[in-house]
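Undergrad: this one's structure only:
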């Protein structure tokens, strides 16, 4: 009797969270993007989406029993199964593996270390693979990545960027493939990552924790139905899961054929320069992400809208910000640059078409127009402007609100005083007979 797979919530059954699901799919299609960082408050389906992605991806063929998850067609020769092909090393197809990295993990457990048991038994130095070797061709999930040791985060990001894990310790020198999807989730309320580590993540998305009442009701219905009978609920979403799985496979095959024009590359670099992004990772990630978006949409040419979507995920955590300021991408500049690029492209196409049809006519009319029209002075012309009506200045004479006597004189305004003395405000000829000197 076949063992039933572990129940997981369907990826296509998650309500809303379009940006998060889009970023995960892009990394599933193209692992060269460099992982994704999901930022959001508690209860926003971050962990659910990551675990659902593993069940959505197409199955992989591995050598049974190999601790490095080697493909039968690309053996690394690091274990006895890969070297001799004996024992239980038979090719099998299995679901993509998702490996959880706990916050309290050590460096030995992550990258691998000396096999103490083998060293005691035989006296030989042998390498014991770590979690990075186990997650090869899978998903490495780090929940609360902002609470993980910075050194471990740096090791993870290095392995994800290079596609290989290098171990030099206890007299052991080992290098093995590490092609995996790195996904980190974090709650900004518990602290943030250092900017140097944030930049190493390829994409970053902000998960919105506000839902409309209709969405909240739908989330509750689906969750209650899944908890009541997980396998029956998974069966309801089987068709949409198969459709999405086939789309991912087709996108992977189409990705090598996607072309990025020189004008699109110029748009990408102009956007990064406009946002004053440090380094070149943002440009490279936007290039890869926009190509992946075009492949996911079934196109072989990258459009400006693909660049806009890629920029929103690649610049969110790389934009300069003040200390203690949360990442927030100002999209006004991005929208303006993309719209200007689209307008220039639309104006360029009609002009190119019209220039070919009207070239002969323009050449014939140019000679006649040159004979009829008098020569014009190409130098700058003076322009005259009227000065305008002088501005009328209002009087500052303010009438007192009442006739009540005050103990002090007024200043630059008329007032009623209870004494005969006051402050000097200016000289004036008496209008009546003087009564007091």
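TA: Noted; the coordinates are in hand. Note that the structure is a prediction, hence the values are computed from the model and not measured.
Undergrad: Can you give me the neighbour number for residue 221?
TA: 11 (other C-beta atoms under 10 Å). Any C-beta I mention is one placed from the backbone N, CA and C, and that applies to glycine too.
Undergrad: before we move on, what SS does the nearest residue to residue 41 once chain neighbours are set aside have?
TA: In space, and not counting its chain neighbours, residue 41 is closest to residue 209: 4.5 Å by C-beta to C-beta, 6 or more residues apart in numbering. Classification of residue 209 using DSSP: H, G, I helix; E, B strand; the rest coil returns coil.
Undergrad: where along this protein do the strands fall?
TA: 36-39, 60-63, 91-94, 98-100, 112-114, 127-129, 139-143, 164-169, 172-177, 181-186, 203-206 (DSSP state E).
Undergrad: where are the low-confidence patches of the stretch 101-250 of the chain?
TA: 123 (pLDDT under 70).
Undergrad: residue closest to the middle of this structure?
TA: Nearest to the mean C-alpha position of the chain, counting by C-alpha atoms, centre = their mean, stands residue 313 at 1.6 Å.
Undergrad: mind listing what that one touches?
TA: Residues near residue 313 by C-beta atoms under 8 Å, 6 or more residues apart in numbering: 19, 22-23, 26, 36, 203-205, 289.
Undergrad: cutoff 7 Å now
TA: 23, 203-205, 289 (C-beta atoms under 7 Å, 6 or more residues apart in numbering).
Undergrad: which one of those has the most neighbours?
TA: residue 289 leads these on contacts (other C-beta under 10 Å) with 29 neighbours.
Undergrad: Without its sequence neighbours, what residue ends up closest to that residue?
TA: Counting by C-beta to C-beta, 6+ apart, the residue nearest residue 289 is residue 310, at 3.8 Å.
Undergrad: pretty sure that neighbour contacts residue 294?
TA: No - look at residue 310 against residue 294 with C-beta atoms under 7 Å: they stay out of range, at 9.8 Å.
Undergrad: re the thing from before, which one of the contacts of residue 313 sits closest to residue 193?
TA: Residue 193 has its nearest neighbour among those in residue 204, at 10.0 Å by C-beta to C-beta.
Undergrad: Beta-bridge partners for that closest one, please?
TA: Beta bridges link residue 204 to residue 37, judged by DSSP bridges.
Undergrad: if we can go back for a sec, quick one: contacts for the residue nearest to residue 289?
TA: The contact partners of residue 310, by C-beta under 7 Å, 6+ apart, come to 286, 289-290, 293.
Undergrad: again, but for residue 342
TA: Per C-beta under 7 Å, 6+ apart, neighbours of residue 342: residue 304.
Undergrad: distance of it from residue 289?
TA: Distance of residue 342 to residue 289, given as C-beta to C-beta, to the nearest Å: 19 Å.
Undergrad: ok, now residue 156?
TA: 20 Å.
Undergrad: Repeat that for residue 40.
TA: For residue 40, the distance to residue 289 - C-beta to C-beta - is 20 Å.
Undergrad: and the residue nearest to residue 289, what pLDDT?
TA: What the model reports as pLDDT for residue 310 is 91.
Undergrad: Please renumber the chain so that the first residue is 3 from this point on.
TA: Okay, residue one is now 3; in that scheme the one you just asked about reads as residue 312.
Undergrad: Which residue ranges of the stretch 53-202 of the chain form helices?
TA: Assigned by DSSP state H, counting those that start in this stretch, the helices in the stretch 53-202 of the chain fall at 82-86, 109-113, 118-124, 133-136, 152-164, 197-200.
Undergrad: Residue 34 is nearest to which of those helices?
TA: It's helix 152-164; of the helices of the stretch 53-202 of the chain, that one is closest to residue 34 (C-beta to C-beta) at 9.1 Å.
Undergrad: Great, nothing more from me.
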